[in-house]
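> no sequence for this one, just the structure:
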């Protein structure tokens with residue numbers, strides 16, 4: 001069972017700046033508490049007992065919040081002092097991990113995947129990276145992911161309008177050693193430079209999880225989260 005998690009929470013949140021001007025994106029208040037708290041609480045409930053927070057922009061605010069509100073949990077902080085891209089941020093955070101396989105997710109997205117299912121699938125396949133995939137209908141904000149019959153990744157397709165498809169939900173089970181041995185620059189994109197370049201060279205699988213998904217990266221979905229989280233039970 002995967003018990004350790006990296007949360008990417010270092011983004012500038014420029015698209016959300018109009019709604020939340022003075023906070024890092026993951027600290028945007030949603031239904032009475034920072035969005036990051038919803039993410040931590042859900043994955044703590046799922047069985048994660050160690051969190052590595054990959055921070056950058058306004059990292060002091062996040063560190064202070066976590067130290068005050070989650071003093072009983074096992075945390076580590078990985079700080080980017082210059083932007084490293086999602087891939088660079090994950091590599092830097094991996095230095096602070098202990099386990100061979102970890103969960104990686106975004107601090108501005110809540111995808112309520114079932115950790116036991118993801119862990120069992122990832123470990124049984126001896127996967128280097130397992131993507132959790134969300135079925136969606138009528139969308140244009142996301143690219144789509146296709147699977148082969150054995151659930152390896154077949155292809156990634158660019159953002160455009162799709163009537164239906166599987167999107168990358170941004171929650172990954174990652175084999176740390178398999179990832180860290182690859183020859184990347186300090187700054188790179190996890191999605192473009194790792195997933196899209198190595199899915200045919202490493203064991204990269206997809207697991208469909210038809211669960212609740214929201215990305216607060218734009219003001220409309222931030223407002224939707226504030227409405228839905230008041231009555232949502234995760």
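It's in. Here the structure is a predicted model, which means the values were calculated and not measured. Numbers count the residues shown, from 1 in each chain.

> pretty sure residue 168 is touching residue 145, no?
Yes - contact status for residue 168 versus residue 145: in contact at 5.6 Å, counting by CB atoms under 8 Å. For every residue, glycine as well, the C-beta is placed using N, CA and C.

> name the residues contacting each of those two.
Common contact partners of residue 168 and residue 145 (CB atoms under 8 Å, 6 or more residues apart in numbering): 131, 133, 156.

> for this protein, which residue occupies the most central location?
Within the chain, one residue has its C-alpha closest to the average C-alpha position: by CA atoms, centre = their mean, that is residue 105, at 1.8 Å.

> what sits against that residue?
By CB under 8 Å, 6+ apart, the contact set of residue 105 is 5, 6, 7, 8, 39, 43, 111, 170, 171, 172.

> beta-bridge partners for it, please?
Using DSSP bridges, the beta-bridge partners of residue 105 come out as residue 7.

> report pLDDT for it.
At residue 105 the predicted local distance difference test score is 98.

> how much space between it and residue 113?
With distances taken as CB to CB, to the nearest Å, residue 105 is found 9 Å from residue 113.

> equivalent analysis for residue 27, please.
With CB to CB as the criterion, residue 27 and residue 113 are 23 Å apart.

> neighbour count winner among those two?
The neighbour count for residue 27 versus residue 113, taken as other CB atoms under 10 Å, is higher for residue 113 (25 against 22).

> scan the chain for its longest strand.
Secondary structure of the chain per DSSP state E: the longest strand is strand 162-175.

> so residue 121 makes contact with residue 207?
Yes - because the distance of 4.9 Å satisfies CB under 8 Å, residue 121 is recorded as touching residue 207.

> where does residue 33 fall, phi/psi-wise?
The phi/psi pair for residue 33 (degrees, to the nearest 10) reads phi -150, psi 160.

> bridged to it, which residues?
Per DSSP bridges, residues listed as beta-bridge partners of residue 33: residue 30.

> would you map the helices across this protein?
Secondary structure of the chain (DSSP state H): helices located at 35-46, 59-69, 85-94, 115-124, 176-180, 196-198, 219-228.

> what residues are shared contacts of residue 105 and residue 113?
Shared contacts of residue 105 and residue 113, defined by CB under 8 Å, 6+ apart, comprise residue 171.

> surely residue 138 is in contact with residue 163?
Yes - counting by CB under 8 Å, residue 163 is a contact partner of residue 138 at 6.1 Å.

> if we ignore the residues flanking it in sequence, what's nearest residue 125?
With CB to CB, 6 or more residues apart in numbering as the measure, residue 205 is the residue that lies nearest to residue 125, at 5.4 Å, once sequence neighbours are left out.
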